[in-house]
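J.: Sequence and predicted structure are below.
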Amino acid sequence: MSAPTTSLVVRPMSEADVEPLAAALGWPAYGIERRWNERKAGYREMFVAAVDGRPVGSVSINEKPEAPGLLHLFALDVAELHRNRGIGARLIERMEDIARDRRSTGVCLEVSVQNAGARRLYARLGYRPEGAPFANQWNRYDAEGNLAEEVVETVERMVKRF
């Protein structure tokens, strides 16, 4: 891993972050706009990791009925050029702080069984598999916001309890 980024700030996302975050991630703006609209509708809270004031990563949180007492962490993304600098870990650690502040009993997430790098990161941070792997479905959209693909992947729930 490269040296940690020292000018990193994790903060709540604002609407002004949508386009710069999409550009940093190399995504069409619609991908982040869609998440932002879900945030405005109350489905998720969003946080960004900013380096030198520029968004380079994000994470979302919410609560899931199937995981009572746990804060649900999802949609963790860090721009390719900023990976392996501790940014993902800092985003996760900040969400853990929020979970503790809210008196949650821990944090849960789902990760593709094929994503070995993410699974290693979560394990290093104290997350452990819980339950059997299961199918998770999500949609991928094109730059115009049209449904491009329905993705079904096998995921495993990982949990860190406090």
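T.: Nice, thanks for sending it over.
J.: Identify the residues contacting Leu81.
T.: Contacts for Leu81 (CB atoms under 8 Å, 6 or more residues apart in numbering) come out as 24, 56. Glycine gets a C-beta too; all of them are placed from N, C-alpha and C.
J.: Checking it next. Helix, strand or coil?
T.: helix (DSSP: H, G, I helix; E, B strand; the rest coil).
J.: Could you do Gln114 as well?
T.: coil.
J.: For it, the count of nearby residues, please.
T.: Applying other CB atoms under 10 Å, we find 10 residues neighbouring Gln114.
J.: what comes into contact with the biggest strand by length in the chain?
T.: Criterion DSSP state E: the longest strand present in the chain is strand 147-161. Applying CB under 8 Å, 6+ apart, the contact partners of strand 147-161 are 67, 70, 96, 105-114, 119, 122-123, 125-131, 133-142.
J.: rerun at 6 Å
T.: Here strand 147-161 makes contact (CB atoms under 6 Å, 6 or more residues apart in numbering) with 106-113, 122, 126-127, 129-131, 133, 135-142.
J.: quick one: strands adjacent to it?
T.: Applying DSSP bridges to the sheet, strand 147-161 is found paired with strand 106-112 (antiparallel), strand 128-129 (antiparallel), strand 134-141 (antiparallel).
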